[in-house]
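K.L.:
here's a sequence, model it:
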Amino acid sequence: DRNCSRTKQHGAPIVKLAIASGKGGTGKTTVSAALASVWPRKRIAMDLDVEAPNLHLFLKPEITGRRKAVMEVPKVDLEKCTYCGECTKICQFKAISVMGAIILTFPEMCHGCGGCFDICREGAVRADDRELGEILWGRTGDLDFLMGRLRIGEAMSPPLMRDVKAHCDEMVSEELIDIIIDCPPGVSCPAVNAVMDSDVIFMVTEPTPFGVYDLKLAHEAFSPMGKPMGVVVNRAGLGDESLYDYCREKDLAIVTEIPYSRRIAEAYSNGRLITDTADDYRTQFINLAQKAMEMAGETVVPEVVEHV
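P.N.:
Sure thing, here's the model as predicted:
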């Protein structure tokens, strides 16, 4: 499984870095885009925040392809169905229900496990498609780009996220490159799905009561995975010391701090990268990229090169 394996790129392991947070608005996309812009070797910037993707607004890729993403859901052939109810018993989400001589399907509740297809001895349950959204890919300079966009009205994002990651696997199989993941906020299924096969997790937070509270939730949710984790403090200089106290208590490394700066806010508002606003920020994110590689187990970290 390429999602979990550490294959090689020119003798070095591929690095999968997840940029996550316990809540929205902390600066995940700002950090993801800045890291992608200075990453020292070939990489894919992948936006898995499929409910509200916005990484493309900063990287400005040329979209070269797109396709619909669909998931198989059950459709019952009433002429073959014996109403035995086995499909209902196996479905943990009640997407298919047998009531006497009536059978109902609820495609919007289906999680796509395929159990109902396999358990039906009569072959009465066959696959139909439910559209989840779309997958888009492209390129900007020497940076590959990939994102998913959830269909309006679709309630579940993990199936689309899995499809985006499968498409990423195909891209990686053709040319081994690192992956920078802009994750959805929070600590529910979408966030866990996004970080679960990464090598390193950077949690972006801010030194405010809400920021600290949600950092705790993210740390508790992601810690059982046993992955190296670091904290990126955005809007540093705002708030109090409670964030730093928590990081010291839990032995969480603060890998970098982004100052509370009008210059950064103006750049963000205009869709510009932090790394383009000043040389000191560019150097800061070059160092952060190298730190991520070291945390992923790199023994020799390549020097950053100028990207087109």
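K.L.:
what about stretch 79-87, start to end distance?
P.N.:
16 Å (Cα to Cα, to the nearest Å).
K.L.:
again, but for stretch 95-113
P.N.:
11 Å.
K.L.:
name the residues of it that are buried.
P.N.:
Neighbour-count burial for stretch 95-113, counted by 16 or more other Cβ atoms under 10 Å, picks out A95, I96, V98, I103, T105, C110, H111, G112. C-beta: built from backbone N, CA, C; applies to glycine.
K.L.:
ok, now stretch 25-38?
P.N.:
Buried-residue list, stretch 25-38, by 16+ other Cβ under 10 Å: 26-38.
K.L.:
from these, which land in strands?
P.N.:
Applying DSSP state E to those, no entry is found in strands.
K.L.:
which of these sits closest to S242?
P.N.:
Taking Cβ to Cβ as the measure, S242 lies nearest T26 of the buried residues of stretch 25-38, at 15.4 Å.
K.L.:
ok, L55 to E175 distance?
P.N.:
20 Å (Cβ to Cβ, to the nearest Å).
K.L.:
from the buried residues of stretch 25-38, pick the one nearest S198.
P.N.:
Once Cβ to Cβ is applied, the member of the buried residues of stretch 25-38 that ends up nearest S198 is S32, at 12.4 Å.
K.L.:
OK, contacts around the closest one?
P.N.:
I19, A45, D47, L55, I180, I181, D182 (Cβ atoms under 8 Å, 6 or more residues apart in numbering).
K.L.:
switch to 6 Å and redo it
P.N.:
I19, I180, D182 (Cβ atoms under 6 Å, 6 or more residues apart in numbering).
K.L.:
check T26 too.
P.N.:
V204, T205, E206, N234.
K.L.:
please spell out the ChimeraX selection for the buried subset of these.
P.N.:
This is the ChimeraX syntax for the buried subset of these, where burial follows 16+ other Cβ under 10 Å:
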select :204,205,206,234
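K.L.:
hmm, back to that, nearest to K250, of the contacts of S32?
P.N.:
I19 (19.3 Å).
K.L.:
surely that closest one and T30 touch.
P.N.:
No - the criterion here is Cβ atoms under 6 Å, and I19 misses it with T30 at 9.3 Å.
K.L.:
mind checking which of the buried residues of stretch 25-38 land in helices?
P.N.:
With helices taken from DSSP state H, the overlap with those comprises K28, T29, T30, V31, S32, A33, A34, L35, A36, S37, V38.
K.L.:
between these, which is nearest Y268?
P.N.:
Out of these, the member with the shortest distance to Y268 (by Cβ to Cβ) is T30, at 6.2 Å.
K.L.:
sorry, back to before: with distance to P224 and pLDDT added, can I get the buried residues of stretch 25-38 in JSON lines?
P.N.:
As requested, these are exported to JSON lines (distance: Cβ to Cβ, whole Å; pLDDT from 0 to 100):
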{"residue": "T26", "distance to P224": "22", "pLDDT": "92"}
{"residue": "G27", "distance to P224": "25", "pLDDT": "94"}
{"residue": "K28", "distance to P224": "21", "pLDDT": "96"}
{"residue": "T29", "distance to P224": "26", "pLDDT": "96"}
{"residue": "T30", "distance to P224": "28", "pLDDT": "95"}
{"residue": "V31", "distance to P224": "24", "pLDDT": "97"}
{"residue": "S32", "distance to P224": "24", "pLDDT": "97"}
{"residue": "A33", "distance to P224": "29", "pLDDT": "97"}
{"residue": "A34", "distance to P224": "29", "pLDDT": "97"}
{"residue": "L35", "distance to P224": "25", "pLDDT": "97"}
{"residue": "A36", "distance to P224": "28", "pLDDT": "97"}
{"residue": "S37", "distance to P224": "32", "pLDDT": "96"}
{"residue": "V38", "distance to P224": "31", "pLDDT": "96"}
